[in-house]
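In: Any chance you could fold what I've pasted below:
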Amino acid sequence: MEGLRERKKRQTRETIAATAMKLFHARGFDAVTVAEVARAADVSEKTVFNHFPTKEDLVFAHGLEHVEARAEAIRSRPPGVPLIHVFEADTMEFLDRLEDGPIEQLLALPRLVRTSPALRDRLLLAYEQEAAALVAAVTDDQDDLVASAVVRALLWTSRLVFRTAMRRVWAGEDPADVAADLREQALHAYERLGRGLARYEG
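Out: This next block holds a predicted model:
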């Protein structure tokens, strides 16, 4: 059970992140300072940095939660369920959201990231941090090159689907049509990868 202190801490973190995102979407990430976020959220700058070590972390506030959820899905999958199924299911869930909407909510964060070099650089770092976390969910040996290569291959497959979807929707294609096409392509890609990884249990 979440205690009062933990609940207040979580609520403060959520308030800061939500306030920051409103400012970033309204004015752009680079134009907003941490001091402005603190004033708008009615907290001190120190409190902001206690929850978010860097300004970029304000944008990726929910990224860690997603990584932790995916790592837990890897660890808790039933015996005999291939590792690839975790990534395939995650990809299909994203495509379902793309098809069902609301599309603006789905596009908001990628649109913000693409406008800021600092956020694009931070995203690359987040990619590698996610890969390391998921490798750790597969094996205790961080020097296991096979596990590292397999996880990164699956991660980049899911990321390619996401990036392709964003590019095509921004270009004006109907989200439902994009989702239908990428669902077919993604299933084919995972099927091909699955054959190649058939001997790797993960």
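
In: residue nearest the centroid of this protein?
Out: residue 63 (4.7 Å; C-alpha atoms, centre = their mean).

In: Now for the residue nearest to that residue when sequence neighbours are not counted, how many residues are close by?
Out: Leaving out its chain neighbours, the residue that sits closest to residue 63 by C-beta to C-beta, 6 or more residues apart in numbering is residue 126, at 5.8 Å. C-beta here means a position set from N, CA and C on the backbone, and glycine is covered the same way. When neighbours are counted by other C-beta atoms under 10 Å, residue 126 registers 18.

In: What distance do you get for residue 126 to residue 144?
Out: Distance, residue 126 to residue 144, using C-beta to C-beta, to the nearest Å: 22 Å.

In: swap in residue 34?
Out: Computed as C-beta to C-beta, the residue 34 to residue 144 distance reads 39 Å.

In: list the helices and strands the biggest helix by length in the chain packs on?
Out: In the chain, taking DSSP state H as the definition, the longest helix is helix 145-170. In terms of contacts (3 or more C-beta pairs under 8 Å, 6 or more residues apart in numbering; DSSP states H and E), helix 145-170 is packed against helix 84-100, helix 103-114, helix 117-138, helix 175-196.

In: Give the buried residues for the first one.
Out: Right, the one you point to is helix 84-100. Buried residues in helix 84-100, counting neighbours by 16 or more other C-beta atoms under 10 Å, are found at 84, 86-88, 90-92, 94-95, 98-99.

In: Below-threshold pLDDT in the protein: ranges please.
Out: For the chain, residues meeting the criterion pLDDT under 70 lie at 1-2, 199, 201-202.

In: quick one, domains of it?
Out: The chain breaks down by automatic domain parsing into domains covering 4-58, 63-196.

In: I'd like the distance from the first one to the chain centre, please.
Out: Read it as domain 4-58. Remark: domain 4-58 is offset 19 Å from the chain centroid, using C-alpha atoms, centre = their mean, to the nearest Å.

In: just the longest one next, same as before
Out: Its chain's C-alpha centre and that of domain 63-196 lie 7 Å apart, by C-alpha atoms, centre = their mean.

In: That concludes my questions; thank you for your assistance.
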